[in-house]
Each structure stands twice: as C-alpha cells, then as structure tokens.
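Visitor: show me the folded form of this:
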Amino acid sequence: MRVGIEVGGTFTDIVAVDGSRVEVAKVPSTPNSPDIGAYAAIGAAGISPGDIADLVHGSTVATNAILERKGARVAFVTTQGFRDILFLQRHDRRNIYDLRYAKPASPVARHDCYEVAERIVASGDVILPLDEVDIRRTLLPALAAGGYDAVAICLLSAYASPVHEQRLRDTIAAELPGLRIACSHAVACEFREYERASTTVLSAYVQPVIDRYLDRFEATLAQAGFRGHFSVMQSNGGRLPAVAMRQTAITALFSGPAAGVVGAIRQAARSARGNLITFDMGGTSTDVSLVVDGEASLSPETEIDGLPIRTPVLDIVSVGAGGGSLVWIDDGGMLRVGPRSAGAMPGPACYGHGGTEPTVTDAHLVRGTIRADAFLGGAMKLDAERAHAAFAPIAARLGTDIAGAAAAAIRLTVANIVRAIQLVSTERGRDPRDYALLPFGGAGPLLAAEIAEELGVPEILVPPNPGVISALGLLSADFVKVAGVTRRTALDDSAPAVLREAFARFQAEAVTEFHGLGLDGALDFSLSADMRFVGQAFEIPVPIEPGALPGLTAADLAGHFTAAHRRVYFHGGEPGRRVEIVGLRFGVRRRLEALPEFRERATTLSHPADVPVRVGNDSVAAAMVDAAGLAAGEIVTGPALIEGYSSSIWVPPGWIAERDTHGNILMRGKAA
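Guide: Numbering: from 1, shown residues only. Model prediction:
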C-alpha cells in the first residue's frame, strides 16, 4: 500500500493506493502537534500502518516554525567584518510610504552573531587563512555557553571554495558534538551573500524542529507496526527519503502547495491537458501556478515573512483567500477578505468550535453552495445559524441583508484570486484564455466558474476528490534533487567545456547519493544555465538538453540565451553585447510507476432534487447532483451543485459540466 498524507492549515488529507483500490479521507488538523492529525488520518482511512509499504508526507511544520518564530536557538558565524549582514539586508524598501516601515526581522539576534578571521575571494583563492587559534580561544567557548541548538556558518565566498567552512564545521562538531550545523556551501552554494546567509540561518532554524517532528511521527508509526519507506515532499515538486531531509529541511518549506501542483498536473495529463492554471483553495490560502506543456516552472528563490530563501521552489503565488479567511470591514468602511484566517481552531463560525467572525466558508453556507448536513460526506455537521449570525454585523455595516453580505464576500474572494492568477499569467506575457483552469482544494471548485468568467477562460477541469489532490500529488511525486552552484564564466569557446565538466561531476555525485539512499534504477538529469548580459544585475535560466552537451558550442549557448531573453523581456538584447554564465542548476529524477485511475469517493448521503442558491440578487433552484454517481459522458446543465465527499462544484447558470472517461469533470460556459 502507498499512502500520501498532507497536513494543511485546516484539514489533514490522506490518499491510500492498494493495487487498483484508492481510499481518501480528511480529518481536522492539529496545529500544536501536526503529527497527531497525520496519524489520525491513517485511522480515518481505515488503514493499518503495518500494511503501508510507501508513506509520503508533506506538512507546514517548517513554515509555521518561521512564521510563528518557534524555531531553534541559532548562532550565526560569518567572516570578520560581516556580522551585521542579516540586519543590513538589501537597500530595498517594500512599503515606500510607510513611515513605520521596518525590515524583516531575522530569527537570530545580533548578540548571537559571531565573526572569525578568514578571507577567500570570489576566485576561490585564500588570501587570509582561517585563524583556528582564535576559534578555539573565543568562538568555541561562546558557542558552548550560549545554549544553542544549531549553528549557521556562512563565510564570504564559500560558494567559490568551501575549505574554511568545512574546517570550521569539523572543529565545532568535534568540540561540541550536540550542535546541529548548517553550512552555506551545502545549503545554498551560490553568490549574493545576504540571500545565502538568510537561507543558511533559516535552514539551521527549522532543522531541529523538523527532526523532532519526524522523530515523533516515525516513533508513533513504528509502534503501530510501520516498516515501510518514509519520504518527505520538497518545495521543488519532488520527494526525498526522510533520512535525507534531516540535512536539508529548508527544501520542504512549501511542500504542501508543491504537492498540489504535481497532483493536478498528473491528473490533468490523463485527459490530455498540459497547459493549466492551477489554483489550490484550502482553508487558509489560495496557491496559484502556471503549467506549460505539463511542466510547472521552478523559481530559484522564494521568501517567507520577508526573508529570502535561495532554494528551488515551484513557481507558486499565494494569497490569503481560503475557506477559513476572515471577512471584515476596515477603518475606511471597505469590505475585506483575509489575509487573517480562522485556521483549524476555532475555524469558521459554522464549525461550532468557538469562532464568531465570518469566513468564506460561512459565506458559502449562507449562499447555499455548501449544505450544512453534507460537509465531508456528512461526517461533519455545520451550523447555519452561527454562519448567519457571524455575517449579521457585516450586513448591518454594508446596509444589506445577510445573503447580500455573504455574496459580496464571495465576489471579493473571486477578485483576489483573479489578481493572483494575473500575476502568474498576464503579467508574465501569458494569456489565461490559452489555458484550462484546474481548481482543487476543498473550496476551489465552488468558485472556479466565477473566476473563469472574469478571466475569459473557456474550460475548467475539476479532478475527482478535488479536496485531497495535494495528498495525491505526494504519491505522484518522483524522487528529485535540485542543486545550484555559482560558476561565473564568459560566454566564449571555453564555456561548453565548463558546462560538460560541471555536469559530469554532478551526475557522478547524484548517482552515488541516490544509491546510498536506496534509490537505484534509471535516473533522468536536467541542466540549466543562469545567464545574463555583462553588467545586468540579474540573470535568467536557460535550459540546456543534457544529451546535447557533447556537441554544444558557444554559438548554441548564445542562441539559447537570446531565445530565453526574448521570451522574458520580448527582445533579444543589443547585437554584439557580451554575455556571461553566472550559475548552473542541475536536477536528477528517479521516476515512479504511475498510479491507478483516481475515482470519486462515494458517500451515503441522500440528495434533494434541488437546493436554493443565491445568484446576484435572486435565489435560483440549483439541481443537486451526486459527484460519485455522475457517469462518464453525462452532462449537467447549470444551475447545479455537484456534491462530493471532499468538495462540491458550483455550476452557475449558462455553464455545463461533463465527466470524462478518466474521472475528471470538464466545465464549459459563457467564454467557450
């Protein structure tokens, strides 16, 4: 049996595959101890841990540790003269009109930052040897007395030569064996010292938290008889065995959103759809991504709480518009949705767990697109009276009835998500009308048609069990490792040889590492070069086919760069302007066998013939359709509500929905 468990902000989802049988379930998340909710999901799916051969996990543990500032106590060690790098940061100012603007706060206090005498220049040459006498006399005693859980080492130009970081790491490990150590050359072996330092510090900050979490979860599983393989999802859309994640926890920061994109891509491929706009609307946020030809693009850098992280992540834009997002009115009397969320506890007012503020879920209940006695297949009863009571103050402020206030909240939520989609499509030169919209998450299919109408998207593809697609993505993910190095090279006749040598070295190291992790078998490799015109401040990724490396020429590289530059900036640059390579990115992938067809989970609910739904200022009778009972080729004409276990689909007037032979529901409407 193969099992994927994804811990979200509100619900924990599970998908289990046993031969051709697929089981799905959702249980409330337990924010204080996410492993409890993860283990509860196994029980909810009726699974014995001893029957699991392959368990894949994604969670928000690392993300929450940073956002809530509940990570480890970290010491930062850097080159003499650079102690304040975490606080100087960059000269940008995010909110230029905010008189109280403050730069993002580092999780390391200044008094926990230490310097060592050494200097390596960008060429990798040592111009000042590491002062080991001073390290033993001052640094080691300070670290021993500081009560630290981890040490982050980021020496200047360590990306060019790691010898001083390695020596310092070995010295600290020998004298203070209980400390976890993160080195910048192992975490982010690239130039730009602030970004590299921030990534290294955050890696050290979350590593002990992740280790303790995995220890608890693995111990609980082992006691219940689990003896299978345990993997953890990464932000880059691939997974790695848990043992490997104990050295690189920072790569799991956005594992949940990444898993959702992977699951959406794999399910859409069954219906021959490769150009997609995915949006995952869960309990706390909506995550949007653009997929071209079945591939989501990788971004070399992201940020969390304003702090940069130099690690490859799927290119995803997030907005605070989830089912649990709070609906409120600001000081100017304007209606707002998010970014604050009711979370798992107390949750929306209709959950009856103590929440009193209105949320998007409450708005759907008021509108009629969620039935109070049908949530999670009837396993969770919602309180419609509490939802109405929560919206009463909003309605009074807006001068409308409660249904009108709820409808206004939904319209605003749609607008927020449309804006996020425009960020990954229109603002990057992509026309959203050329893509199919693929909604998932518990709340996504309820708003998909309205979002598509705003964007002019002609087709929507809704996967079966859309509320657990992230858990499906965990099982669909291959084993992947992505690495980047700074290698500044002029684009001349010597450049192809530099690429061939670097790629051969990565290939050999990857084969050895994957063999050590028990991941034998055929491996796929990828390569891209970060290139720019000499004098530019930032570079663009230029994909290079590994099979073309033996015959690659400088002219080929120049052509690839010109094409990539034109795709991003709509021009190929000035003729004759010098070009350089500043970094290389490598990827290795161990592919897994395809999953069986994913089918809708059946429920035992009874469905009325129709339900009242608020549309504009009127109430319409929407046909009620059982998602599990919808046969391939059967057409549903809106207004209709297709009700499933993990989510429901709203089909507005003027839209039609049809299930295809692969279990996906295709929707076409006014823009088709």
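Visitor: and the helices in the stretch 251-400 of the chain?
Guide: Along the stretch 251-400 of the chain, counting by DSSP state H, counting those that start in this stretch, helices occupy 255-270, 360-367, 384-398.
Visitor: repeat for the stretch 101-250 of the chain
Guide: 132-134, 140-145, 163-175, 184-187, 193-223, 242-245.
Visitor: where does this structure have low pLDDT?
Guide: 670-672 (pLDDT under 70).
Visitor: how's it carved up into domains?
Guide: 2-66+210-252, 69-206, 264-477+605-672, 479-590 (automatic domain parsing).
Visitor: those: which one's closest to residue 597?
Guide: domain 264-477+605-672 (6.1 Å; Cβ to Cβ). No exception for glycine: its C-beta is placed from N, CA and C like everyone else's.
Visitor: now, of the helices of the stretch 251-400 of the chain, which is deepest in the fold?
Guide: Stretch with highest mean neighbour count among the helices of the stretch 251-400 of the chain: helix 360-367 (a mean of 28; mean count of other Cβ atoms under 10 Å).
Visitor: which residues make contact with that one from outside it?
Guide: 321-325, 327, 337, 348-350, 370, 372, 382, 384, 386-388, 390-391, 402-403, 406-407, 409-410, 413, 443, 446, 613-614 (Cβ atoms under 8 Å, 6 or more residues apart in numbering).
Visitor: which residues touch residue 303?
Guide: Residue 303 neighbours (Cβ under 8 Å, 6+ apart): residue 309.
Visitor: who is it paired with across the strands?
Guide: Beta-bridge pairing for residue 303 (DSSP bridges): residue 308.
Visitor: pretty sure residue 486 is in contact with residue 185, am I right?
Guide: No - using Cβ atoms under 8 Å, residue 486 is not in contact with residue 185; the gap is 10.4 Å.
Visitor: quick one: which of these two has more around it?
Guide: Each of residue 486 and residue 185 has its neighbours counted (other Cβ atoms under 10 Å); residue 185 has more, 24 against 19.
Visitor: that older thread, any chance of the helices of the stretch 251-400 of the chain in a markdown table, with distance to residue 530 too?
Guide: Output for the helices of the stretch 251-400 of the chain, formatted as a markdown table (distance: least, Cβ to Cβ, whole Å):
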| stretch | distance to residue 530 |
| --- | --- |
| helix 255-270 | 21 |
| helix 360-367 | 40 |
| helix 384-398 | 48 |
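Visitor: of all those, which lies closest to residue 654?
Guide: helix 360-367 (17.5 Å).
Visitor: before we move on, the earlier item: the contacts of helix 360-367 in strands, which ones?
Guide: Applying DSSP state E to the contacts of helix 360-367, the entries found in strands are 325, 327, 337, 613-614.
Visitor: just among those, which is most surrounded?
Guide: Ranked by the number of neighbours (other Cβ under 10 Å), the ones in strands among the contacts of helix 360-367 place residue 325 first, at 31 neighbours.
Visitor: what is the neighbour count of the closest residue in space to that residue that isn't next to it in sequence?
Guide: Spatial nearest neighbour of residue 325, excluding adjacent residues (Cβ to Cβ, 6 or more residues apart in numbering): residue 338 at 3.8 Å. Number of residues near residue 338 (other Cβ under 10 Å) recorded here: 22.
Visitor: for residue 95, same thing?
Guide: 9.
Visitor: got it, and residue 137?
Guide: Neighbour tally, residue 137, other Cβ under 10 Å: 10.
Visitor: still on that earlier bit, with respect to residue 596, which of the domains of the chain lies nearest?
Guide: Judging these by Cβ to Cβ, what sits closest to residue 596 is domain 2-66+210-252, at 4.8 Å.
Visitor: circling back to that earlier point, now distance to residue 599 too, for the domains of the chain, in JSON lines please.
Guide: Putting these into JSON lines (distance: least, Cβ to Cβ, whole Å) gives the following:
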{"stretch": "domain 2-66+210-252", "distance to residue 599": "6"}
{"stretch": "domain 69-206", "distance to residue 599": "37"}
{"stretch": "domain 264-477+605-672", "distance to residue 599": "5"}
{"stretch": "domain 479-590", "distance to residue 599": "26"}
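Visitor: how far does stretch 147-162 sit from its chain's centre?
Guide: Centre-to-centre, stretch 147-162 and its host chain are 26 Å apart (Cα atoms, centre = their mean, to the nearest Å).
Visitor: list the buried ones in it?
Guide: 148-162 (16 or more other Cβ atoms under 10 Å).
Visitor: that stretch spans what distance, first to last residue?
Guide: Separation of the first and last residues of stretch 147-162 by Cα to Cα, to the nearest Å is 27 Å.
Visitor: returning to what we had before: any idea which of the helices of the stretch 251-400 of the chain gets closest to residue 560?
Guide: In terms of Cβ to Cβ, the element of those nearest to residue 560 is helix 255-270, at 24.8 Å.
Visitor: hang on, residue 274 packs against residue 267?
Guide: No - if you go by Cβ under 8 Å, residue 274 and residue 267 don't touch, sitting 12.0 Å apart.
Visitor: that older thread, shared neighbours, residue 486 and residue 185?
Guide: Residues touching both residue 486 and residue 185 by Cβ under 8 Å, 6+ apart: residue 159.
Visitor: can you add distance to residue 130 and give the ones in strands among the contacts of helix 360-367 back as TSV?
Guide: Output for the ones in strands among the contacts of helix 360-367, formatted as TSV (distance: Cβ to Cβ, whole Å):
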residue	distance to residue 130
325	51
327	57
337	54
613	69
614	69
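Visitor: closest to residue 502 among those?
Guide: residue 325 (45.3 Å).
Visitor: against residue 139, how distant is the residue lying farthest from the centre of the chain?
Guide: Residue farthest from the centre of the chain, counting by Cα atoms, centre = their mean, is residue 133 at 44.1 Å. Distance of residue 133 to residue 139, given as Cβ to Cβ, to the nearest Å: 11 Å.
Visitor: could you do residue 379 as well?
Guide: In this view, residue 379 and residue 139 are 56 Å apart by Cβ to Cβ.
Visitor: so which of the helices of the stretch 101-250 of the chain is nearest residue 636?
Guide: Evaluated over these, closeness to residue 636 peaks at helix 193-223, with 41.2 Å, by Cβ to Cβ.
Visitor: report the distance from the closest one to the chain centre.
Guide: Helix 193-223 sits 17 Å away from the centroid of its parent chain (Cα atoms, centre = their mean).
Visitor: for that helix, buried residues please.
Guide: Quick answer for helix 193-223 (16+ other Cβ under 10 Å): 193-211, 213-214, 217, 220-221.
Visitor: quick one on the thing from earlier: pick the one among the buried residues of stretch 147-162 closest to residue 39.
Guide: residue 149 (25.5 Å).
Visitor: how close does the residue lying closest to that closest one once chain neighbours are set aside get to residue 199?
Guide: Nearest non-adjacent residue to residue 149, counting by Cβ to Cβ, 6+ apart: residue 72, 3.7 Å away. Residue 72 sits 15 Å away from residue 199, going by Cβ to Cβ.
Visitor: and for residue 590?
Guide: In terms of Cβ to Cβ, residue 590 sits 25 Å off from residue 199.
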